[in-house]
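Colleague: the sequence and its predicted three-dimensional model are supplied below.
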Amino acid sequence: MSVFNEKPEWLADSIESILNQTWSNLHFYIALDNPDNEELDAMLSGFEKTDERICYMRNEKNIGLVGSLNKLIARADETFIARMDADDVSRPDRLQKEMDDLAKYDLDFVMSGSNLMSENGDLHPGKAFPRFSPDDICELQKATNVSIHPT
């Protein structure tokens, strides 16, 4: 997860949604890409002190989302990586379902649809996610990202 200037309450909900997953065998890598944001730095440092699964990194300067994610990936020692955005919330069984499908179908990549959430926390159904073959995905990836980040 890369963090920049998200609202603290949104960030807390996002982090808690990962820490409270039914699949708890994880390391949660978080980068603060706005080193001047003292409030979020203190918040993320606090999370790191209270949960040993959190690996927190504060960038020395703003390097952008992709740069931050690449730095986090370089630190990761896990077989699988799940994306999460700082303003998204995952269902409690998200990672368990993803890991189950990766193992059951011998996959390298999984994705799904999502619900939409308003700024005041109201859930709205998202669009149904179409089924793609591996060939479809390879072709679509040439023009666009086919997956929703936190899926």
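Modeller: Ah, there it is. Residues are numbered from 1 along each chain as shown.

Colleague: all strands of the protein, in order?
Modeller: Applying DSSP state E to the chain gives strands spanning 2-3, 28-32, 54-58, 116-117, 123-124.

Colleague: make JSON lines out of these and add distance to Y105 and mean pLDDT.
Modeller: Using the backbone N, CA and C atoms, a C-beta is placed for each residue, glycine as well. As requested, those are arranged in JSON lines below (distance: least, C-beta to C-beta, whole Å; pLDDT from 0 to 100):
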{"stretch": "strand 2-3", "distance to Y105": "29", "mean pLDDT": "98"}
{"stretch": "strand 28-32", "distance to Y105": "25", "mean pLDDT": "98"}
{"stretch": "strand 54-58", "distance to Y105": "29", "mean pLDDT": "98"}
{"stretch": "strand 116-117", "distance to Y105": "27", "mean pLDDT": "76"}
{"stretch": "strand 123-124", "distance to Y105": "28", "mean pLDDT": "76"}
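
Colleague: want to try a markdown table for these, with mean neighbour count and distance to Q141 as columns?
Modeller: Formatted as a markdown table, the strands of the chain follow (neighbours: other C-beta atoms under 10 Å; distance: least, C-beta to C-beta, whole Å):
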| stretch | mean neighbour count | distance to Q141 |
| --- | --- | --- |
| strand 2-3 | 26 | 21 |
| strand 28-32 | 23 | 24 |
| strand 54-58 | 17 | 28 |
| strand 116-117 | 13 | 24 |
| strand 123-124 | 9 | 28 |
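
Colleague: ok, now how distant is the residue in the chain sticking out farthest from the centre from E16?
Modeller: When distances are taken from the C-alpha mean of the chain, D135 lies farthest, 25.3 Å away, according to C-alpha atoms, centre = their mean. The gap separating D135 from E16 is 38 Å, by C-beta to C-beta, to the nearest Å.
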